[in-house]
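Q: generate coordinates for the sequence data below:
(4 chains)
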2 protein chains.
Amino acid sequence: MAESVKQSGGVRERGTRKPTLATVAEAVGVSRTTVSNAYNRPDQLTPELRERILATARGLGYPGPDPGARRLRKGRAGAVGVLLTERLSYAFADSAAVAFLEGLARRCEDAAEALVLIPLGRGDEAASVVREAFVDAICAYSLPDRHPAVDAALDRRLPVVVVDGPRVTATTFVGLDDREGGRAVAEHLAALGHERLAVIVPTLVFDGREGRVDDARLSAASYHNDRERLAGLRQGLEAAGIPWQTVLIEERSNNQEAGAGAARSLLTETPRPTALVATTDQLALGAVRGARELGLDVPADLSVTGFDDIPEAARAQPPLTTVRQPLVGKGTVAGDRLFELLEGSEAPDALLPVELVVRDSTAPPPASPAPVRTDVRGSGFLA
Amino acid sequence: MAESVKQSGGVRERGTRKPTLATVAEAVGVSRTTVSNAYNRPDQLTPELRERILATARGLGYPGPDPGARRLRKGRAGAVGVLLTERLSYAFADSAAVAFLEGLARRCEDAAEALVLIPLGRGDEAASVVREAFVDAICAYSLPDRHPAVDAALDRRLPVVVVDGPRVTATTFVGLDDREGGRAVAEHLAALGHERLAVIVPTLVFDGREGRVDDARLSAASYHNDRERLAGLRQGLEAAGIPWQTVLIEERSNNQEAGAGAARSLLTETPRPTALVATTDQLALGAVRGARELGLDVPADLSVTGFDDIPEAARAQPPLTTVRQPLVGKGTVAGDRLFELLEGSEAPDALLPVELVVRDSTAPPPASPAPVRTDVRGSGFLA
DNA sequence: TTGAAAGCGCTACCAG
DNA sequence: CTGGTAGCGCTTTCAA
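A: Numbers count the residues shown, from 1 in each chain, chains lettered A, B, ... in the order given. I've put the predicted structure just below:
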């Protein structure tokens, strides 16, 4: 082993082509098949011959069968692809996506398949990169409706598992009972006595707009699970006698700073909401900070709820009331489905359960609303 | 697009083989070359012909050139592989690894190359999976010395970038000035007046042993950066007149619970250490909790330091004094080197700077040591 | 502008 | 146990 390491750092012998199975076969004086067998079916030849072949191969600097060629021949890539957000790198900054990957990776290890992270460029690129990815199946994670990458995968006749969205026929769907989650939040807040609520949602439509959301925009939302969460929320609220029209909705990028900004905007409305429902924990965590900047105490002056139960939610101050979803579990189930599809067995859709986790960020509304500090802007946010 | 989606969900026409370039060529009545050109070199044929070819292909359900075949022909995989820990899924539970991946992913997107996560089984498997991975280059992240996967990659003559360790000739190294980091911690603590220190290190050798570490074990440590951090610490301590022999070292798995256990063990020694140096933030965060369980206040009764500056370090209570390393930056630099290697240009080693970040987990040692509660065990840890 | 020929490097099959 | 043959599906000369 040590020699080959040194070798590979050295100069490749001038003029010599990269050795292949044929090179080795010729050197040993056997056929290509036999050399192939030496690597892949040791029981098909005598140990001596095998050893002789392997030794010659080593001497020639033959690195073993070329994976590309073998895979072409076998018709299997030995890898599954995963489609994340537009910018692959964003996914790693998102706890929920990372947890999902952890689960998916677990199944890939079990199956000894590699996991290919496919970077999705914007627009047409997105489809072409999927067309060129060397994978046996595709897992699409939380993509907006009508994303061309999903169609591209389907065009290639690859088995596709869609997680969270979009819902597309001819794919296996793995998602959550988002609607139930929304409903649970509504019931919890209504039971505490809240009547004036506001909602913070992540980017609904990719047109760069942020701010207040009306019904039209809501129904044009690109993400399946956003629509579901909101629909559940509305159902629950209306069941409790709180008209949906009284609920303000603010749309922001899905990060904490944006969540804080949304809170600042919503909390200066009159009458001020007594509860902020964020449909992601990131936004909720930011909202708590935003409220604090305005001098409001959570939960005494304001209740805040999240969605997802990312690890940070439990550790936050105060610990966040949120809707737990099986983050890692979603990944393992997606992996299960992927490999079922690959084996040709049934891969039914999976709707994973959610659960309201009541922590300390929610409480009954204050008897009389606290005043809001007006001397703060977002500046000190990261301190 | 819509039709093809429906199609692919339907039954594949019985007996019909999967269409290839040749199928389409025959149907249109042109050569395979021309069909290939229709996809890859639109300028090589008339728009009309191209459109006719593409239309026929669509009609036949031809999904475009097969990536596997194209790649074999071109000799490029269009992907770089990354080797993480034994269990791929563990990596996603480790903030430092995730941040590294974020950086690496960023460069892969820029280059429009896929990122292949290669699951490393134990033992021989580790090498074989590397031998079979279809990638153009390999990035090995924080692997122990003499890991067979690195040799396997080198045997395949793939360009290799090693991050953190092991240091192997014929590879490009991207790492940190770990030694300087260790030294900085030592100086900081010595300057505060600490004299009795203990150290908590992650798994040094994979033999399942935990607990007190002697010099022999220390020098047998498998990870390059652990050795460096400790060497720097020793240097700094000795320069401050604190003999290395007085320093207790405890080895544990790299997670918070284990860190708490290490702290419980170390803090019941007599004389009790006034400062705990952990060589990872995970261990340090756990150590703080462990100390607290014993009724000790950090930093009043005990100082604790970490290493890495993962995001949680700043958010912890108290915020952790630690050595910051450019987590994401390490990933982008590794990516830069990888693509430089792929282009055949120079890819020099990179030693990234570290920086001591003093927060609130360190303070001068207490005038008189507080008593330790003896009625607690690790049970309530996760509460 | 188009096409025929020649592989990329490998493994499945079947005969010996 | 060994070897010849026949591709996997594509792209790249080079000639027409």
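
Q: give me the number of residues near the residue of the stretch 101-250 of chain A found nearest DNA strand C?
A: Taking C-beta to the nearest atom of the strand, DNA strand C has its nearest neighbour within the stretch 101-250 of chain A at residue A:134, 13.8 Å off. (Each C-beta comes from the backbone N, C-alpha and C, glycine too.) Around residue A:134 sit 28 other residues, with neighbours defined as other C-beta atoms under 10 Å in any protein chain shown.

Q: tell me which element it is part of?
A: Per DSSP states H and E, residue A:134 falls between elements, in no helix or strand.

Q: that one contacts residue B:71, correct?
A: Yes - with contacts counted by C-beta atoms under 8 Å, residue A:134 reaches residue B:71, the gap being 6.1 Å.

Q: now the common contact residues for the two.
A: Shared contacts of residue A:134 and residue B:71, defined by C-beta atoms under 8 Å, 6 or more residues apart in numbering or on different chains, are found at B:77-78, B:134.

Q: show me which of those residues neighbour chain A.
A: Among those, the ones lying near chain A by C-beta under 8 Å from any C-beta of the partner chain are B:77-78, B:134.

Q: how about the helices in the stretch 151-300 of chain A?
A: Per DSSP state H, counting those that start in this stretch, the stretch 151-300 of chain A carries helices over the ranges A:178-192, A:215-219, A:224-239, A:256-266, A:281-293.

Q: just so I know, which of those lies nearest DNA strand D?
A: helix A:224-239 (33.0 Å).

Q: give me the neighbour count for the residue lying closest to residue A:130 once chain neighbours are set aside.
A: With sequence-adjacent residues excluded and distances taken as C-beta to C-beta, 6 or more residues apart in numbering or on different chains, residue A:130 is closest to residue A:152, at 4.0 Å. Number of residues near residue A:152 (other C-beta under 10 Å) recorded here: 25.

Q: spatially central residue in chain A, please.
A: Centroid-nearest residue in chain A, with C-alpha atoms, centre = their mean: residue A:97, separated by 3.4 Å.

Q: show me what the strand or helix carrying residue A:104 is in contact with.
A: Taking DSSP H and E as the definition, residue A:104 sits inside helix A:95-111. Applying C-beta under 8 Å, 6+ apart, the contact partners of helix A:95-111 are A:80, A:82, A:84-85, A:91-92, A:114-115, A:139, A:141-142, A:163, A:280-281, A:308, A:310-312, A:327-336, A:338-339, B:87-89, B:91-93, B:98, B:117, B:119, B:121.

Q: stretch A:331-347 too?
A: A:80, A:99-108, A:110-111, A:113, A:136-137, A:139, A:141, A:159, A:161, A:163, A:172, A:174, A:350, A:352.

Q: same check, this time on stretch A:202-219
A: Stretch A:202-219 has contacts (C-beta under 8 Å, 6+ apart) with A:144, A:201, A:220-223, A:226-227, A:230, A:248-254, A:258, A:265, A:279-280, A:282-283.

Q: give me the buried entries from these.
A: A:144, A:201, A:221-223, A:226-227, A:230, A:248-252, A:254, A:258, A:265, A:279-280, A:282-283 (16 or more other C-beta atoms under 10 Å in any protein chain shown).

Q: and stretch A:362-371, end to end?
A: The first and last residues of stretch A:362-371 sit 19 Å apart, counting by C-alpha to C-alpha, to the nearest Å.

Q: my bad, stretch A:300-316
A: Per C-alpha to C-alpha, stretch A:300-316 runs 16 Å from first to last residue.

Q: can you pull out the strands in the stretch 51-200 of chain A?
A: Applying DSSP state E, counting those that start in this stretch to the stretch 51-200 of chain A gives strands spanning A:79-83, A:114-118, A:137-141, A:160-163, A:172-176, A:197-202.

Q: quick one: which of the ones you listed is nearest residue B:317?
A: Closest of these to residue B:317 is strand A:197-202, at 26.2 Å (criterion: C-beta to C-beta).

Q: now the closest one, how far from the centre of its chain.
A: 21 Å (C-alpha atoms, centre = their mean, to the nearest Å).

Q: ok, stretch A:136-145 next?
A: The answer for stretch A:136-145 is 9 Å, by C-alpha atoms, centre = their mean.

Q: does it come close to DNA strand D?
A: No - Stretch A:136-145 is not in contact with DNA strand D by C-beta under 7 Å from any atom of the strand; minimum separation 13.6 Å.

Q: flag every buried residue along that stretch.
A: A:136-144.

Q: just to revisit the earlier point, tell me the one of the ones next to chain A among the shared contacts of residue A:134 and residue B:71 nearest chain A?
A: residue B:134 (4.5 Å; C-beta to the nearest C-beta).

Q: may I have the residues that are in contact with that closest one?
A: By C-beta under 8 Å, 6+ apart, the residues touching residue B:134 are A:67-68, A:71, A:77-79, A:134, B:71, B:77, B:79, B:116.

Q: recalculate using a threshold of 6 Å.
A: Shown in contact with residue B:134 (C-beta atoms under 6 Å, 6 or more residues apart in numbering or on different chains): A:67-68, B:77.

Q: and if you look at residue A:357?
A: Here residue A:357 is in contact with A:309, A:322, A:324 (C-beta under 6 Å, 6+ apart).

Q: most neighbours among these, which one is it?
A: That'd be residue A:322 among the contacts of residue A:357, by other C-beta under 10 Å, with 31 neighbours.

Q: just to revisit the earlier point, any idea which of the helices of the stretch 151-300 of chain A scores lowest on pLDDT?
A: Note on the helices of the stretch 151-300 of chain A: lowest mean pLDDT is at helix A:215-219, with a mean of 91.

Q: could you pull out the buried residues of that one?
A: Quick answer for helix A:215-219 (16+ other C-beta under 10 Å): A:217-218.

Q: can you give me how far that helix is from the chain middle?
A: 25 Å.

Q: separation between the nearest residue to residue A:227 once chain neighbours are set aside and residue A:204?
A: Excluding its sequence neighbours, the residue lying closest to residue A:227 (C-beta to C-beta, 6+ apart) is residue A:221, at 5.1 Å. Note on residue A:221: its distance to residue A:204, by C-beta to C-beta, to the nearest Å, is 4 Å.

Q: and residue A:149, by the same measure?
A: 20 Å.

Q: buried sites along stretch A:287-303?
A: Buried, per 16+ other C-beta under 10 Å, within stretch A:287-303: A:287-294, A:296, A:298-299, A:301-303.

Q: and the residue of the stretch 251-383 of chain A closest to DNA strand C?
A: Closest point on the stretch 251-383 of chain A to DNA strand C, by C-beta to the nearest atom of the strand, is residue A:342, at 17.0 Å.

Q: what about that residue, neighbour count?
A: 17.

Q: is it located within a helix, as I assumed?
A: Yes - judged by DSSP: H, G, I helix; E, B strand; the rest coil, residue A:342 forms part of a helix.

Q: how many residues are close by residue A:78?
A: 19.

Q: that one and residue A:68, how far apart?
A: 11 Å.

Q: residues contacting residue A:249?
A: Taking C-beta under 6 Å, 6+ apart as the test, what residue A:249 contacts is A:199, A:213.

Q: which one is the residue of chain A found nearest DNA strand D nearest to, not counting chain neighbours?
A: In chain A, the residue that lies nearest DNA strand D is residue A:45 (2.6 Å; C-beta to the nearest atom of the strand). Nearest non-adjacent residue to residue A:45, counting by C-beta to C-beta, 6+ apart: residue A:37, 5.5 Å away.

Q: okay, the one you found: pLDDT?
A: On the pLDDT scale, residue A:37 gets 92.

Q: was I right to think it contacts residue A:44?
A: Yes - counting by C-beta atoms under 6 Å, residue A:37 does reach residue A:44; the two are 4.4 Å apart.
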